[in-house]
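>>> structure for the following, please:
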Amino acid sequence: MKVASQHAITDDDFKKFREFFYRKTGMYFDDGKRYFVDKRLQERIAQTDSASFRDYFVMLRFQATGGELQQLINTMTVNETYFFREEYHFACMVKSMLPEIVVNKKDKDPIRIWSMPCSSGEEPFSIAIYLQEYWPQISQYDVDLMASDIDTDILKQASLGRFSRRSVQNLPAHLKSQYFREQVDGDYQLIDDLRQSVEFTRANLTELADTRRFRKVDVIFCRNLLIYFDDESRRQAAEAFYDALNPGGFICLGHSESMSRISGLFNVRKFPDAIVYQKPFASEKNKS
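So this is what the prediction gives:
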């Protein structure tokens, strides 16, 4: 195997790769991410025994299976999260969003919640814990908890339900002991009932074929992803979420993100715990 540092990435190489990766994923790396991108490209070039960036890039573009592209996506994505991160959104979900949503639910209609991107699973499992602990009506409704990510390695990790001490450090002690079993190596294993309550699937937010299977969703959590997109990809993502949501459904973004700067498709809702965005009801659209 060749040493990674042998493969220099020129300015032209970087620009070609940046454009290609953007078209495939919607993620855009500005010049400030140059070191991050170069390092991972050099690692993949070495690990695939490619002779140069050019050879590697040809394989990346034309490989029929797409396996190397997926491997590179897994390498380029950032998976920094922990349980109860930005907890105010979960409080808003049980105190404000769900009480509005159930008003329009008929008997037997499930409540559908989508975590995208779900990373290593801390967010969708935080939602599951919050529903169990803090939503009194949980026993009256079926809840479909869906979780997606573009990174297939991280999805495999998430489905195992095993987490580091750091991941669970913000959980109250009684919740940690109720829903986890501490392992001899210091990790925490989620109990099976909760682990099996979330369905994990791969999805690329900028691919219509991937997102069209998500429909009749009531709440979407998409936090700290759109900051990696450019304006066009953000607009595509907003339209994908609009199509996925039921009228009156909600979307939660990260604390530094604003749907109002991306799209006019959603109404801003200011609840006591959080500001979220709502797909208008048909009657509201007819008024505008």
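>>> from now on I want contacts and neighbour counts done on CA atoms only, so please keep to that.
Noted.
>>> following the strand of greatest length in the chain, which helix or strand shows up next?
In the chain, with assignment by DSSP state E, the single longest strand is strand 245-253. For strand 245-253, the following helix or strand on the C-terminal side (DSSP states H and E) is strand 267-270.
>>> just checking: what are the partner strands of the longest strand of the chain?
strand 217-222 (parallel), strand 275-278 (antiparallel) (DSSP bridges).
>>> contacts for the first one, please.
The contact list for strand 217-222 (Cα atoms under 8 Å, 6 or more residues apart in numbering) reads 101, 111-117, 241, 244-246, 248-254.
>>> could I get the CA-only coordinates of that strand as CSV?
Output of strand 217-222 as CSV, limited to C-alpha atoms (Å, rounded to 0.1, in the frame of the first residue of the first chain):
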residue,chain,number,x,y,z
VAL,A,217,-44.4,12.7,8.2
ASP,A,218,-45.5,14.8,11.2
VAL,A,219,-42.2,16.0,12.6
ILE,A,220,-38.8,16.2,11.0
PHE,A,221,-35.6,16.7,12.9
CYS,A,222,-32.9,18.0,10.5
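>>> quick check: mean pLDDT across it?
Here strand 217-222 scores 98 as its mean pLDDT.
>>> cool, stretch 139-151 as well?
Taken as a whole, stretch 139-151 has an average pLDDT of 95.
>>> quick check: buried residues in that stretch?
Judged by neighbour count using 16 or more other Cα atoms under 10 Å, the buried positions of stretch 139-151 are 143, 144, 145, 146, 147, 148, 149, 150, 151.
>>> same thing with stretch 255-275?
Quick answer for stretch 255-275 (16+ other Cα under 10 Å): 257, 258, 259, 262, 263, 265, 266, 267, 268, 274, 275.
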